[in-house]
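J.: Requesting a structural model of the entry that follows:
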Amino acid sequence: MKKTIVLLIVVLILIFLVLAVIPVSVFGQAEKSCKGSMYVTGQMGVNSYVATEEPFDSLPFPMGAAYEVFLSDSIGIGGTVMFDKWCDYLGCFCGKFTFRVIKPSLDITYHFNTRKIEGLDFFAGTSLGYSFLSVSNELGNDYFGDLKSEPHIAPFLGTHLNFWRGGNGFFDKILLTIKVHWSLMGDFSGAYGAVGITYKVK
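T.: Here you go, the predicted structure:
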């Protein structure tokens, strides 16, 4: 299970690198984002961290949404909320434990605004947030593990892609978003990726 998750992260990184060399003509000529632009994103992620010592009986796929507003042509600020859930028996006969994590964060992003490839927006930044953990047991037993709610810091790299050519229609405002994070501290540290659909509000 752990190997599968890490493999998925590696695939995301490879996609990110391959997209960097795709010819300009593949992408639509979307207008560049500028001060005052606003993005709303719905996304699904995959984690590399294993939060307990025993194998999961289900693979966690975090779901969430993000918002960003551009303070300048290159700098954006916004927020993300992710929800993660998985189950584990913790190697005992005390029933299945269900873990739920809600991770709100403040995101600060720098957009490179490359002029070389239209329709492609590379960015990097940092998420500062908190992981709120709750644990329940199907038999009502108390959780005896070490996981807890805690702050998190996660630098990230990503790209927005616009596959639609010219025009001012609805689809011209739709972007594919790919992000790779690296959480630096706590029980939930490690690499994780996210793929989402972004709508450019303005």
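
J.: buried ones in the strand ranked longest in the chain?
T.: Assignment by DSSP state E gives strand 120-137 as the longest strand of the chain. Of the residues in strand 120-137, 120-123, 125-127, 129, 131, 133, 135 count as buried by neighbour count, 16 or more other CB atoms under 10 Å. Every residue, glycine included, has its C-beta placed from N, CA and C.

J.: lowest confidence element among the helices and strands of the chain?
T.: In the chain, no helix or strand scores lower on mean pLDDT, DSSP states H and E than helix 2-19, which sits at a mean of 51.

J.: what lines up beside the very next helix or strand once past that one in the sheet?
T.: Next helix or strand after helix 2-19 toward the C-terminus (DSSP states H and E): strand 38-47. Here strand 38-47 is paired, per DSSP bridges, with strand 63-70 (antiparallel), strand 190-200 (antiparallel).

J.: Need the max-distance pair from the buried residues of strand 120-137.
T.: For the buried residues of strand 120-137, the farthest-apart pair by CB to CB is Leu120 and Val135; their separation is 41.5 Å.

J.: right, and Tyr130 touches Pro151 too?
T.: Yes - using CB atoms under 8 Å, Tyr130 makes contact with Pro151 at a distance of 5.2 Å.

J.: my guess is Lys35 meets Val69, correct?
T.: No - in this structure Lys35 lies outside contact range of Val69 using CB under 8 Å: 9.3 Å.

J.: neighbour-wise, which of those two wins?
T.: Taking neighbours as other CB atoms under 10 Å, Lys35 and Val69 compare with Val69 leading, 15 against 12.
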